[in-house]
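Undergrad: When you get a sec, could you give me coordinates for this:
(chains A and B)
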Amino acid sequence: MKKILALVLACVMALSMFACGGNTDVENTGDATNNNNEVVENAGTLKIGGIGPTTGGAAIYGTAVKNAIELAVNEVNANGGINGMTVEFMWEDDEHNAEKSVNAYSTLMDKGMQVLIGTVTSAPCIAVVKEAELDNVFMITPSGSAVASIDAPNAFRVCFSDPDQGIGSANYIKNTDLAQKVAVIYNVSDPYSNGIYEKFAAQAAEVGLEIVAAEAFTNDSATDFSVQIQKVKESGADLLFLPIYYEAAALILDQANSAGLDLPVFGCDGLDGVIGQLGDKADLAEGVMLLTPFAADATDDKTVAFTTAYVAAYGETPNQFAADAYDAVYIVKTAIEAAGITSADISASDLCDAIVEQMTAIEVDGVTGKMTWSADGEPTKEPKAMVIKNGAYAAM
Amino acid sequence: MSSFFSYLISGISLGSIYALIALGYTMVYGIAKMLNFAHGDVIMIGGYIAWLVFSSLGLPVWLAIICAVIVCVILGVVIEKIAYKPLRTATPLAVLITAIGVSYLLQNTALLTFGPASKTFTSVVPDSLGISIGGIDITGETIVTIVVTVLIMVGLTLFVNYTKSGKAMRAVSEDRGAAQLMGINVNRTISLTFAIGSALAAVAGILLCSTYPQIGPYTGAMPGIKAFTAAVFGGIGSIPGAMIGGIVLGIIENLSKAYISSQLSDAIVFAVLIVVLLVKPTGLLGKKINEKV
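TA: Next comes the predicted model:
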C-alpha cells in the first residue's frame, strides 16, 4: 500500500514539475513576441495590471472584472492600441484578502506594471491604495466602493461610492413619492451594504422618510430571512429597501412571497442579476426597482455591443462589475490619449502624473453612463432608476 | 402571539435542517471518534449532483436523489480511504487538520467545476405539501425535512442498537483494539460509517438546497459549522442529541433575532452554547465516559 502511495506521489510530483515547466515556456514565448513588437512599433507595450479575487467567496466579482478587462484590452489592441501602444494585460488573484492583494501588487510591479485597474473589492483596495500612493502608480478601481478605497491623489474609481448610493436612494424615494414608511433588510457584515444603509438612514431622517424597520443579517446567516420578513410585515412599511447583493435578495424575495409579504422592493446596483438568480421563479422580481448605472438588458447601442461581445466570449451575461471594469480600460485609454503620451517607454510614476492631470478634465461616455471626475477621485454620473417589467429592465 | 408562533415554526424549520446535518456529524464522531469537518462540503457536493440531474438535466426527482446519494457515498468512502485511513494511528489533531484540508479541497474543486456564481436550485418538494394552521404557513420543505430527520434518527438508532453491523460499530467506538481482537473488521466498519454519514449528507444537501433554493461552492460551509455546534450542543456522539440540539439551536437563533437583535443572533447562539457546555460539558444528552486506565 505504502509503495503504491509513494508511486502515486512521485507521479504527481513529476506531473507538477512538468506543468510548471510548461508554464515557463509559455511565458518566455510571450516575452519574445512582445520584444518583437517593440522592435516593429516604436510605441511599445503598455503594461496594465489588474488585481481581484478569481478564487474564493468573492470570485464572481473578480472573474467578471478580469473577463471584462480582457475583452476591452483585446478591442483596444484590435483597433490600433492606445496612441499606437499595444496594451498588455496582467492579472493577479488576491482571493479578496488584503495581504494577498498587496503581494499581488508587488508581483505586478516586479513585472513592470505601469497602470493598475483594481482592486476589485473594497477591503483589499484600501490596503493596496497605500502602496500605489507610495510608488505613485495610477490606479482606478472598477468596483471598490468604500470611501477609503481611493484615499490617495492618484486613485480614482468607476463605480459610485457606498454613501452616494445611500443618499441617492433616499432622495429618489422621497422625490418620486414612492413611500413614506420604509423597511430595510441589510447585511451588517458587508461594508457595501452597511455603508449604503448608514447613509440612507441619515439622509432619510434629513428628507423626512420614516424607517420603520431596520433588520440585519450577516454573511453567516444569509439563508434564512423568515424572522426579518415577519418583522417587516408587522412594521407597517409601504416599501422594502434592500441595499444588498442579488443572491441574498433572491432568497428574500422568495421567502417574502411564501410569507405573504407583498411590498414594493427598491434596491441598489447589487440587485443586478436577481432575475437570473430566481430561475424559474423570475416572476417574483416583477416590479422590483433598482438604482443602477448599468443594466445588461438596456437597449442603447453601447450596452448591446458590450453585452453581446461579453456573452459571446464568456457565455454569461455581464454584471455591474464587468461593466465598470470595461469602462475602466476606456477611461485609462482616454486619459492617456488626452495626455498625448505616445511611447510606452515611460516610468509608472511619470505616466501617473500625466494621467492624474487629465482625469479631472476628461469626460467618458461608457456603458455605465457619462462620467466626469473630481480631484478626490469620485465619479459624477447619473444613476438610472430601473424597474423590472416582464423579466427585463425598463426605465422608470 | 401569532407572530411568536410564526417565529417558533420558522425556528423549528431552520433547526430541522441543522438537526439533519448534525446527525451525520454525530454518527461519524460517535463511531470513528473524529470530527469530519468535510461533512458540510459533502452536503454541498450532494446538492450540486441533485442540481445537475434535476434542475439542469430535468430528470425525475427520485433519480436525482439516488444519484446524489450514490455519488456522496462513493465520495465519503474514498475520502476516508485516502485521507483518514492512513492517519488511523496518528494524533487526533493531524486527522482534524486533514479534515479541514479535505473541506477546502472539495470547496475549491466545486469552485473550479461549477464556477463561483451560485446556481438556482429547483425545490424537490411540491408546493402543494405546504399547510396553514391558524394563519401560520408551514412550507412543504419544512414538513418533509422534519419527517425525514425523525425517520433517519429512528432508523439510525435502531440500526446502531439492533443490527450486527450496528453492534460492530458500537464495539469499534468503545474500544478499537479490543474490537479487532474479537474479529470485527475495524476498517470495514469505519468505511460503513462513512458511507452512511455521506448518504445522510446527500439527503441533507438536497433538503437544504430545496429550503433555501441556491447552491454554490460554499453552501455547505456555514450550515456545517452550525450543525456541528448543534451536535456538540446535544452531546456529540448521541443520535437523539443531534436532533434535539439542532432544533433547539434553530429556535434560539430565530427567537433572538426576533426579540433581541437581528445583528447579534449568532453571538447569542454561541453564548448559549458556552453556557450549556460550562454547566454540562458533555452536551444536553451526552454521556460521560470514564477513561479506563
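
Undergrad: tell me which residues in stretch A:176-188 are buried?
TA: For stretch A:176-188, burial by neighbour count (16 or more other C-beta atoms under 10 Å in any protein chain shown) applies to A:Leu178, A:Ala179, A:Val182, A:Ala183, A:Val184, A:Ile185, A:Tyr186, A:Asn187, A:Val188. C-beta coordinates here come from the backbone N, C-alpha and C atoms, glycine included.

Undergrad: What is the nearest of the residues you listed to A:Asp262?
TA: Nearest to A:Asp262 among these, counting by C-beta to C-beta, is A:Ala183 at 12.8 Å.

Undergrad: what sits against the nearest residue to that closest one once chain neighbours are set aside?
TA: Nearest non-adjacent residue to A:Ala183, counting by C-beta to C-beta, 6 or more residues apart in numbering or on different chains: A:Ala237, 3.6 Å away. Taking C-beta atoms under 8 Å, 6 or more residues apart in numbering or on different chains as the criterion, A:Ala237 is in contact with A:Ala179, A:Lys181, A:Val182, A:Ala183, A:Val212, A:Ala213, A:Leu263.

Undergrad: for the first one, helix, strand, or coil?
TA: Read that as A:Ala179. Three-state call for A:Ala179 (DSSP: H, G, I helix; E, B strand; the rest coil): coil.

Undergrad: about what we covered before: closest one of the contacts of A:Ala237 to B:Ser262?
TA: Checking the contacts of A:Ala237 against B:Ser262 with C-beta to C-beta, the nearest one is A:Ala213 at 9.7 Å.

Undergrad: now the strands for the stretch 101-250 of chain B?
TA: Here the stretch 101-250 of chain B has its strands, by DSSP state E, counting those that start in this stretch, at B:119-120, B:131-133, B:136-138, B:214-215.

Undergrad: out of the ones you listed, which comes closest to chain A?
TA: Between chain A and the strands of the stretch 101-250 of chain B, the shortest separation by C-beta to the nearest C-beta is 3.1 Å, and it involves strand B:119-120.

Undergrad: in the stretch 151-300 of chain A, what residue is nearest chain B?
TA: Proximity to chain B, evaluated over the stretch 151-300 of chain A using C-beta to the nearest C-beta, is greatest for A:Gly279 at 3.1 Å.

Undergrad: contacting residues around residue 68?
TA: Picking chain A for this. Residues in contact with A:Ala68 (C-beta under 8 Å, 6+ apart) are A:Pro142, A:Tyr310, A:Pro318, A:Phe321, A:Ala322, A:Ala323, A:Asp324, A:Ala325, A:Tyr326, A:Val329.

Undergrad: please go with chain B instead
TA: Residues near B:Ala68 by C-beta under 8 Å, 6+ apart: B:Gly46, B:Gly47, B:Ile49, B:Ala50, B:Val53, B:Ala202, B:Val203, B:Gly205, B:Ile206.

Undergrad: can you check A:Lys111 too?
TA: For A:Lys111, the contacting residues are A:Lys47, A:Gly49, A:Met90, by C-beta under 8 Å, 6+ apart.

Undergrad: Quickly find the element holding the last one.
TA: Using DSSP states H and E, the secondary-structure element containing A:Met90 is strand A:86-93.

Undergrad: before we move on, what about the second one?
TA: Following DSSP H and E, one finds A:Gly49 within strand A:45-52.

Undergrad: quick one: that strand to chain centroid distance?
TA: How far strand A:45-52 lies from its chain's middle: 16 Å, per C-alpha atoms, centre = their mean, to the nearest Å.

Undergrad: what angle sits between it and strand A:86-93?
TA: 20 degrees (axes from the mean of the first three to the mean of the last three C-alpha atoms, to 10 degrees).

Undergrad: name the helices or strands packed onto strand A:45-52?
TA: Judged by 3 or more C-beta pairs under 8 Å, 6 or more residues apart in numbering or on different chains; DSSP states H and E, strand A:45-52 is in contact with helix A:2-40, helix A:59-78, strand A:86-93, helix A:98-110, strand A:115-117, helix A:320-339.

Undergrad: quick one: which of the ones you listed has the weakest pLDDT on average?
TA: Ranked by mean pLDDT, these bottom out at helix A:2-40, which scores a mean of 48.

Undergrad: Am I right that A:Ile362 falls within a helix?
TA: No: counting by three-state DSSP, one finds A:Ile362 to be coil, located in no helix.

Undergrad: Near it, how many other residues are there?
TA: Using other C-beta atoms under 10 Å in any protein chain shown, A:Ile362 has 16 neighbouring residues.

Undergrad: May I have the phi/psi pair for it?
TA: The phi/psi pair for A:Ile362 (degrees, to the nearest 10) reads phi -80, psi 160.

Undergrad: Provide a list of residues in contact with it.
TA: Contacts of A:Ile362 (C-beta under 8 Å, 6+ apart): A:Ile331, A:Thr334, A:Ala335, A:Ala338, A:Thr372, A:Trp373.

Undergrad: most tightly surrounded among the strands of the stretch 101-250 of chain B?
TA: Burial of these is given as mean neighbour count (mean count of other C-beta atoms under 10 Å in any protein chain shown); strand B:214-215 ranks first at a mean of 24.

Undergrad: Run the contact check for it versus chain A.
TA: Yes: Strand B:214-215 lies within reach of chain A by C-beta under 8 Å from any C-beta of the partner chain, at B:Gln214.

Undergrad: Tell me the helices and strands packed up against that strand.
TA: Looks like strand B:214-215 contacts helix A:246-258, helix B:39-50, strand B:119-120 (3+ C-beta pairs under 8 Å, 6+ apart).

Undergrad: ok, 10 Å please
TA: Strand B:214-215 is packed against helix A:246-258, helix B:39-50, strand B:119-120, helix B:186-211, with contacts defined by 3 or more C-beta pairs under 10 Å, 6 or more residues apart in numbering or on different chains; DSSP states H and E.

Undergrad: Need the residues that contact it.
TA: With contacts defined as C-beta atoms under 10 Å, 6 or more residues apart in numbering or on different chains, strand B:214-215 is touched by A:222-223, A:247-248, A:250-251, A:254, A:277-279, B:44, B:46-48, B:50-52, B:55, B:110, B:114, B:117-121, B:205-206, B:208-209.

Undergrad: Which residues of the stretch 1-150 of chain B lie near chain A?
TA: B:2-3, B:6-7, B:9-11, B:13-14, B:17, B:55, B:82, B:85-86, B:107-108, B:111-112, B:115-123, B:127, B:130, B:132, B:135-137, B:139, B:141 (C-beta under 10 Å from any C-beta of the partner chain).

Undergrad: let's see it at 6 Å
TA: Within the stretch 1-150 of chain B, the positions near chain A by C-beta under 6 Å from any C-beta of the partner chain are B:Ser6, B:Tyr7, B:Ser10, B:Leu14, B:Pro116, B:Ala117, B:Ser118, B:Thr120, B:Thr139.

Undergrad: Closest to chain A out of the contacts of B:Ala68?
TA: Nearest to chain A out of the contacts of B:Ala68 is B:Gly47 (C-beta to the nearest C-beta; 12.4 Å).

Undergrad: what about that closest one, neighbour count?
TA: 29.

Undergrad: Which stretches in the stretch 151-300 of chain A count as helices?
TA: Applying DSSP state H, counting those that start in this stretch to the stretch 151-300 of chain A gives helices spanning A:162-175, A:191-207, A:226-235, A:246-258, A:274-278.

Undergrad: what angle separates the longest one from helix A:162-175?
TA: Per the same axes, to 10 degrees, the angle that helix A:191-207 makes with helix A:162-175 is 40 degrees.

Undergrad: Any part of helix A:191-207 near chain B?
TA: No: Helix A:191-207 stays clear of chain B (C-beta under 6 Å from any C-beta), getting no nearer than 10.2 Å.

Undergrad: same question for that helix, mean pLDDT?
TA: On average, helix A:191-207 scores 91.
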